[in-house]
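> using only what follows, build the 3D model:
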Amino acid sequence: ARVAWQVYRGFAFEKKTFTSGTISLWIGDGSAWHHAESASGISSGSWSHVAGVYDGANITVYVNGQAGTPVACPGMGVISTNMWLGNSGWTNEIYRHFDGDIDEVRIYGRGLTVEEVTALYTTSVPATAEVVIEGIPGRYGSPLPLGYGTNAVALSSVVTNSVASPASGGTGLRRVCTGFTGTGDVTSGTGTSAVFTVTGDSTLTWNWLTEYWLDTAAGANGTVDVADGWHTNGAVVPITPTPAAGYHFVTWSGDVASGANPLMLTMDRAYAVTANFEADRHTLTAAAGTNGTIAPSGVISVPHGGSTNFIVEANAGSHIRSVLVDNEPAGQFGPGSNAFAYAFAGVSADHTIAAEFNRLPTCRMTTTPTSGVTPLRVTIDLSGSSDPDGVISSWQLDRDGDGVFEISGDGSGAVIVEYAGVGVYTPVARVFDDL
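Numbering: from 1, shown residues only. Coordinates of the predicted model:
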């Protein structure tokens, strides 16, 4: 920090950062500069007593009462500029500003003796002790007012040293103070503030715990049971995904690719994980017997809540005999039932649908005789009737074709019908199979 300065005239104190913080006193004799340096440097974070003496013959610099090597100087040129404290008088020398505090400044019109400098030091600089501030496992949290490292503290001082907790360590990382330990005047404790009275050299060590951020998320149609939050380094966090009804868990994505359920996540760094879900799928099994079709057929995979339509159709000459859905009848069927539609909607389970068909039987009727004198007894024989996929189980006869089937029987035998009146009769018969 320059006190006064003209070309080769005046005097200046400087702190030499490139020579371990030693202090120099420069004297200009009008034609050249002469300077001496202190034997030791000043320390950051503590007060130092600095004195520069020019006795008309030699320049000597003292730090905390200790003299540096004297340097001869023939004289000091007359100066007429302002005096600057902690600054340089030149506007382009901002780099010469002193970064610290200056107090108890004294300027004498004569050179002080060694005894006078020593007396000033011993009365102005109180006795101090070294207080070392440390952190485990590292230096986190910026303790104040005493920072990490070695601090010179006046004896009998009451120190309240504190740290900011939690301390950010970057994205997804923080340090949490769990308390402190110490030696000398410092006893162990919890919290983020330590209070002690300095009576001698002491050590205060802040203890820190590392925590990592866990970001959890669930995709559509599901949840996870762990919220976003901080977790201690090394902790194992179980995360369970729960799907919505009709869905199932598939996999984790993000910082972890796994199908584990639950996911046992070791917090050795920050993580972001997402649980992904898919709709359940159900099978619809469709089958058709002979003489007809069902479409679609086979095993059809349907997502949960989905829909599928089925069409049942009988072949020519056949009809739908039955349609069973999950083994239960889906309706009434018989001759004339040629087509049927069925829809599964909002599917939430497996289902079956099965269709059976029946080919129509063939009715063959013979009459003997076909004419004669009344009363005429006619044998109507249905034994020639057949069923391609079963047997004839019963028959019915309309003896005169008036639409009324007056006579019926089992099987496919013959029956004698007597016609009493004269006329033309057209008997009609129909047969039924056993399906």
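
> quick check: buried residues in stretch 139-157?
Residues of stretch 139-157 classed as buried: Arg139, Tyr140, Gly141, Pro143, Leu146, Tyr148, Thr150, Asn151, Ala152, Val153 (neighbour count, 16 or more other Cβ atoms under 10 Å). All C-beta spots, glycine's among them, are computed from the backbone N, C-alpha and C.

> now do the same contact list for the fifth one.
By Cβ atoms under 8 Å, 6 or more residues apart in numbering, the contact list for Leu146 reads Gly45, Val131, Ile133, Val153, Val159, Asn161, Leu204.

> wait, is it part of a helix?
No. Under DSSP: H, G, I helix; E, B strand; the rest coil, Leu146 sits outside any helix and is assigned coil.

> measure it to Ser46 for me?
10 Å (Cβ to Cβ, to the nearest Å).

> sorry, back to before: okay if I get the buried residues of stretch 139-157 as CSV plus pLDDT, distance to Arg399 and secondary structure?
Listed next are these as CSV, based on pLDDT from 0 to 100; distance: Cβ to Cβ, whole Å; DSSP: H, G, I helix; E, B strand; the rest coil:
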residue, pLDDT, distance to Arg399, secondary structure
Arg139, 96, 117, coil
Tyr140, 95, 112, coil
Gly141, 92, 113, coil
Pro143, 97, 120, coil
Leu146, 96, 126, coil
Tyr148, 97, 121, coil
Thr150, 96, 130, strand
Asn151, 95, 129, strand
Ala152, 93, 135, strand
Val153, 93, 132, strand
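
> now for those residues: which two are most distant?
Tyr140 and Ala152 (23.3 Å; Cβ to Cβ).

> closest to Ala414 among the buried residues of stretch 139-157?
When the buried residues of stretch 139-157 are compared against Ala414 (criterion: Cβ to Cβ), the nearest one is Tyr140, at 111.2 Å.

> could you check the pLDDT of the nearest residue to the closest one once chain neighbours are set aside?
For Tyr140, ignoring the flanking residues on the chain, the nearest one in space by Cβ to Cβ, 6 or more residues apart in numbering is Arg175 at 4.1 Å. Arg175 is assigned a predicted lDDT (pLDDT) of 97.

> so Arg175 is in which element?
According to DSSP states H and E, Arg175 maps onto strand 173-183.

> mind listing what's buried in that strand?
For strand 173-183, by 16+ other Cβ under 10 Å, it's Leu173, Arg174, Arg175, Val176, Cys177, Phe180, Thr181, Gly182.

> same thing with stretch 210-226?
For stretch 210-226, by 16+ other Cβ under 10 Å, it's Thr210, Glu211, Tyr212, Trp213, Leu214, Thr216, Ala218, Gly219, Asn221, Gly222, Val224, Val226.

> can I get those in JSON lines with distance to Thr69 and secondary structure?
JSON lines is the format used below for these (distance: Cβ to Cβ, whole Å; DSSP: H, G, I helix; E, B strand; the rest coil):
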{"residue": "Thr210", "distance to Thr69": "50", "secondary structure": "strand"}
{"residue": "Glu211", "distance to Thr69": "54", "secondary structure": "strand"}
{"residue": "Tyr212", "distance to Thr69": "56", "secondary structure": "strand"}
{"residue": "Trp213", "distance to Thr69": "58", "secondary structure": "strand"}
{"residue": "Leu214", "distance to Thr69": "62", "secondary structure": "strand"}
{"residue": "Thr216", "distance to Thr69": "68", "secondary structure": "strand"}
{"residue": "Ala218", "distance to Thr69": "75", "secondary structure": "strand"}
{"residue": "Gly219", "distance to Thr69": "77", "secondary structure": "coil"}
{"residue": "Asn221", "distance to Thr69": "83", "secondary structure": "coil"}
{"residue": "Gly222", "distance to Thr69": "79", "secondary structure": "strand"}
{"residue": "Val224", "distance to Thr69": "73", "secondary structure": "strand"}
{"residue": "Val226", "distance to Thr69": "69", "secondary structure": "coil"}
